[in-house]
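1. quick one, structure for this:
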Amino acid sequence: MMQSVIYREILEEGEQRGEQRGIQHGERLGRLAIIQQMLTHRFGNIPPELQEQLSSLSSPELDRLSAVLLGFSSIDDLSHWLEQNRPSA
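-> Numbers count the residues shown, from 1 in each chain. Sure, this is the predicted structure:
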């Protein structure tokens with residue numbers, strides 16, 4: 001069975017999906033790290049509760065945040081943005 005064409009195709013498809021998910025996860029973590037570095041450089045230590053909220057952002061949310069964070073004048077701006085832009089649970 002392990003040598004069947006169907007088995008190999010299914011296995012290859014699964015491997016490709018896993019690789020794609022890994023790539024997407026790595027890209028999201030890279031975005032998050034850059035955003036955290038920028039915020040820390042600008043405002044100093046980020047409170048743990050805001051760090052936790054940042055860590056839970058999806059890739060599209062991180063992209064939206066990166067587009068506006070340079071306009072933040074205080075850590076309160078980040079807190080307000082997170083409150084206004086997180087989907088309801």
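2. give me phi/psi at residue 57?
-> For residue 57, the backbone dihedrals (degrees, to the nearest 10) come out as phi -70, psi 140.
3. ok, it touching residue 32?
-> Yes: between residue 57 and residue 32 there is a contact under CB atoms under 8 Å: 7.1 Å. All C-beta atoms are positioned from the backbone trio N, CA, C, and that covers glycine.
4. confidence score at residue 24?
-> pLDDT for residue 24: 64.
5. per-residue pLDDT, the most centrally placed residue in the chain?
-> Nearest to the mean C-alpha position of the chain, counting by CA atoms, centre = their mean, stands residue 28 at 3.7 Å. pLDDT, the model's per-residue confidence, is 79 for residue 28.
6. quick check: it vs residue 9, distance?
-> From residue 28 over to residue 9 the distance is 29 Å, taken as CB to CB, to the nearest Å.
7. picking up where we left off before, what's the helix or strand where the residue nearest to the centre of the chain lies packed up against?
-> Secondary-structure element containing residue 28, defined by DSSP states H and E: helix 5-43. Taking 3 or more CB pairs under 8 Å, 6 or more residues apart in numbering; DSSP states H and E as the contact definition, the neighbouring helices and strands of helix 5-43 are helix 48-55, helix 59-68, helix 75-85.
8. any idea of the mean pLDDT in the longest one?
-> Confidence over helix 75-85, taken as the mean pLDDT, stands at 94.
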